[in-house]
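# any chance you could fold what I've pasted below:
(chains A and B)
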Amino acid sequence: MDLFSDSSMGAAWARLRSDGRAVGQWVEQREAIELVAPLTLILLLLYPGVLPETRAGLQLGAVAGFLYRPLRRVPAYWWALAALMGLYCVLTWHDADNHKYLITYWCVAVGLACRADDTEQALRVNGRLLVGLCFLLAVGWKLRTPDFLTGEYYQHAMLTDDRITRAAQLLAGMDASTFNANQMAISNLKAYSSALDRVALDGPAVVRRLSIGMVAWTLAIESAIIGSFLWPGRSRWAALGRDLSLLTFAATTYALANVGGFAWILLIMGVAQVRPERARWRLAYLAVLGLVILYQIGPMALLVSWVG
Amino acid sequence: MTWPSRQQAIAWFLAPVLLLTVAGVHSYLVEAKNQTPWEGGGFGMFSTMDKRQARFVRCTLITPERAVPVPTPSHLDPYVERMRARPTELRVRRLAQFLARADWVRAEASAVDTTIGAPDRPAGLYRYQPPYETADRPVATVETVRVEVWRARFRSEPYQLAAEPLVRATRAPDDPS
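As a prediction, this is how the structure comes out:
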């Protein structure tokens, strides 16, 4: 039998579309907690933090939630996970990423929602407020920090930060050896035996122009998220603004910045805040989550090496 | 629009209030205690290059002959990491006190001089000797120890990093704790 004949390809495509529609309907018909809980548990499994004491507890807790589904509706279960993640943040305050704090608040919120009369509504309100407030604080810091507004933060990040430098490699044609030379210069400045008070960094001049564009884009998209998520109105347009701004942010930012845990928690809260009548938008959040996973596991790295 | 009941209000607002409270504490620590905007749950990440990794510590033994840069003992790494994230004067003074009272012995003759940028400050000359270890090598006469926390600042024209001091403390072995 010819596997690649028109008829077999057509049948496979039809089956794929039918399966896709079935998955779509399944996602749309679920209660929000049925999607949000397992996604949060996967997040805890993948990003439990580096501290062995809390890591084991979080991963065991997440596995327990997968094996015994009723646990996912028990408030104390979520608060125990929040306590472990909170303990991680306290013990490693000097190192813990901000999304670890956000995961803690989210577990608190899911536990409270499980206890509320209207679980869906509590998840929606928390999803909106937590996303809106975290971006409000983030933009606040950016506006009060001179090196962000002048573009110097992004220039420095593109020249020296391994999470951002692929933006410079892709968009400004900076090669990997320049990044390595900059890392060496930083090591020389920071060495215990160093008496240097400055070191030169290398990089293409276009990074300066690029940084101004990145500043403008960051402030615009993050302000759009703040406005749409903290706006109290319930109109269709407000909901559309929320979904479009957060999805655009995730799809663009995490292509260049390799911070997967943050993307996960934002998109999970994005799923939670979608109203039942707009349940189709959950699929868009899941699709962008898949895109973020792709960003992390390869295609973007391949593109950088190909362009390089 | 109706006001939420007490139970609803807790379910809706407790987590956001927690977020704002931690962010408020973090903001105070940044302003008052030199904590980095990146660490501490205030969501200041990706807004400034002033993160823990852009800060560094330089320790110098002042002996009767010369000033000698020394690395911090590795068992103090967790302390030093916290000090970089929030370099309070107390933390820096305590480290200087510890280093001033510690034993520093001449390193092996084969130790490599790693001094960068100032050949008259020989690095690798002395090494920390933990209390459980005995050595027949000469012990340094330490007059004082200077501990400095620096941070790197980026300059765009031309691209460069400039170091600026954040906190500094000097302690002698017999200074009171």
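# going forward, measure contacts between C-alpha atoms and count neighbours the same way
Will do.
# all strands of chain B, in order?
B:55-62, B:67-70, B:103-106, B:126-129, B:144-155, B:160-171 (DSSP state E).
# buried set for the third one?
Applying a neighbour-count criterion of 16 or more other CA atoms under 10 Å in any protein chain shown, one finds B:Asp103, B:Trp104, B:Val105, B:Arg106 buried in strand B:103-106.
# for A:Leu71, state which of the residues you listed is nearest.
B:Asp103 (55.7 Å; CA to CA).
# pLDDT of stretch A:61-69, averaged?
Taken as a whole, stretch A:61-69 has a mean pLDDT of 96.
# which residues does it contact?
Contacting residues not belonging to stretch A:61-69 are listed as A:Pro38, A:Leu41, A:Ile42, A:Leu44, A:Leu45, A:Leu71, A:Arg72, A:Leu81 [CA atoms under 8 Å, 6 or more residues apart in numbering or on different chains].
# skip ahead from the helix or strand hosting the second one and say which helix or strand is next.
Using DSSP states H and E, the secondary-structure element containing A:Leu41 is helix A:32-46. The C-terminal neighbour of helix A:32-46 among helices and strands, as given by DSSP H and E, is helix A:52-67.
# and the angle from that following helix to helix A:32-46?
140 degrees (axes from the mean of the first three to the mean of the last three CA atoms, to 10 degrees).
# packing partners of the very next helix or strand once past helix A:52-67?
Next helix or strand after helix A:52-67 toward the C-terminus (DSSP H and E): helix A:75-91. Identification of packing neighbours for helix A:75-91 by 3 or more CA pairs under 8 Å, 6 or more residues apart in numbering or on different chains; DSSP states H and E yields helix A:52-67, helix A:98-115.
# could you check the angle the last one makes with helix A:75-91?
Helix A:98-115 and helix A:75-91 are oriented at 160 degrees to each other (the same axes, to 10 degrees).
# and the stretch 151-300 of chain A, which residues reach chain B?
Counting by CA under 8 Å from any CA of the partner chain, the residues of the stretch 151-300 of chain A close to chain B are A:152-153, A:155-157, A:186, A:188-203, A:208.
# hmm, try it at 7 Å
For the stretch 151-300 of chain A, the contact set with chain B under CA under 7 Å from any CA of the partner chain comprises A:152-153, A:156, A:188, A:190, A:192-202.
# so which of these are in helices?
Per DSSP state H, helices hold the following members of those: A:Glu152, A:Tyr153, A:His156, A:Asn188, A:Lys190.
# the closest residue to the first one other than its chain neighbours: neighbouring residues, count only.
In this case it means A:Glu152. Closest residue to A:Glu152 apart from its sequence neighbours, by CA to CA, 6 or more residues apart in numbering or on different chains: B:Ser156 at 6.4 Å. For B:Ser156, the neighbour count with other CA atoms under 10 Å in any protein chain shown is 18.
# separation between B:Ser156 and A:Ala176?
Going from B:Ser156 to A:Ala176 by CA to CA, to the nearest Å gives 20 Å.
# next one: B:Ala123
On the measure of CA to CA, B:Ala123 and A:Ala176 end up 31 Å apart.
# spell out which parts of chain B neighbour chain A.
B:8, B:11-12, B:15-16, B:19, B:39-44, B:47-49, B:56-58, B:69-71, B:82, B:85, B:114-118, B:123, B:154, B:156, B:159-163.
# of the residues you listed, just the buried ones, ChimeraX syntax please.
For the buried members of these, the matching ChimeraX selection, counting by 16+ other CA under 10 Å, is:
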select /B:8,11,12,15,16,19,39,40,41,42,43,44,47,48,49,56,57,58,69,70,71,82,85,114,115,116,123,154,156,159,160,161,162,163
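# for A:Asp202, list the residues it contacts.
A:Thr178, A:Asn182, B:Tyr159 (CA atoms under 7 Å, 6 or more residues apart in numbering or on different chains).
# kindly report the same for A:Asn126.
So A:Asn126 contacts A:Ala109, B:Trp12 (CA under 7 Å, 6+ apart).
# now do the SS call for it.
Of the three states, A:Asn126 takes helix under DSSP: H, G, I helix; E, B strand; the rest coil.
# state the pLDDT value of it.
At A:Asn126, pLDDT is 98.
# what of B:Arg6?
89.
# how about A:Leu303?
Value for A:Leu303, per-residue pLDDT: 60.
# A:Met184: how many residues sit nearby?
Neighbours of A:Met184 using other CA under 10 Å come to 15.
# how about A:Trp78: what's its closest non-neighbour residue?
Using CA to CA, 6+ apart, the nearest residue to A:Trp78 is A:Gly111, at 4.9 Å.
# number of nearby residues for the one you found?
By other CA under 10 Å, 25 other residues sit near A:Gly111.
# my guess is it contacts A:Arg72, does it?
No. In this structure A:Gly111 lies outside contact range of A:Arg72 using CA atoms under 7 Å: 8.9 Å.
# where does the prediction get shaky in the chain?
I'll assume chain A. For chain A, the stretches with pLDDT under 70 are A:1-4, A:298-308.
# oops, I was thinking of chain B
Judged by pLDDT under 70, chain B has its weakly predicted residues at B:1, B:109-113.
# go with 80
B:1-2, B:108-115, B:117-124, B:135-136, B:177 (pLDDT under 80).
# show me the domain layout of it.
B:8-48, B:52-171 (automatic domain parsing).
# show me where chain B has helices.
For chain B, helices defined by DSSP H occupy the ranges B:6-33, B:77-85, B:89-101.
# contact partners of the second one?
Spelled out, it's helix B:77-85. Taking CA under 7 Å, 6+ apart as the rule, helix B:77-85 contacts A:His94, B:Gln35, B:Thr36, B:Arg52, B:Arg55, B:Phe56, B:Arg91.
# over to B:Thr141: give its phi and psi.
phi -90, psi 110 (degrees, to the nearest 10).
# picking up where we left off before, which of the ones in helices among the residues of the stretch 151-300 of chain A next to chain B ranks first by neighbour count?
A:His156 (27 neighbours).
# distance of the closest residue to it other than its chain neighbours relative to A:Pro232?
Of all residues not flanking A:His156 in the chain, B:Phe154 sits nearest, at 6.5 Å (CA to CA, 6+ apart). Between B:Phe154 and A:Pro232 the distance is 40 Å, computed by CA to CA.
# also B:Pro78?
B:Pro78 is 44 Å from A:Pro232, by CA to CA.
# same question for A:Asp117.
Where A:Pro232 is concerned, A:Asp117 sits at a distance of 21 Å (CA to CA).
# try A:Leu247
20 Å.
# looking at these two, which has the bigger crowd around it?
Taking other CA under 10 Å, A:Leu247 and A:Pro232 do not tie; A:Leu247 has more neighbours (22 against 10).
# sounds good, over and out.
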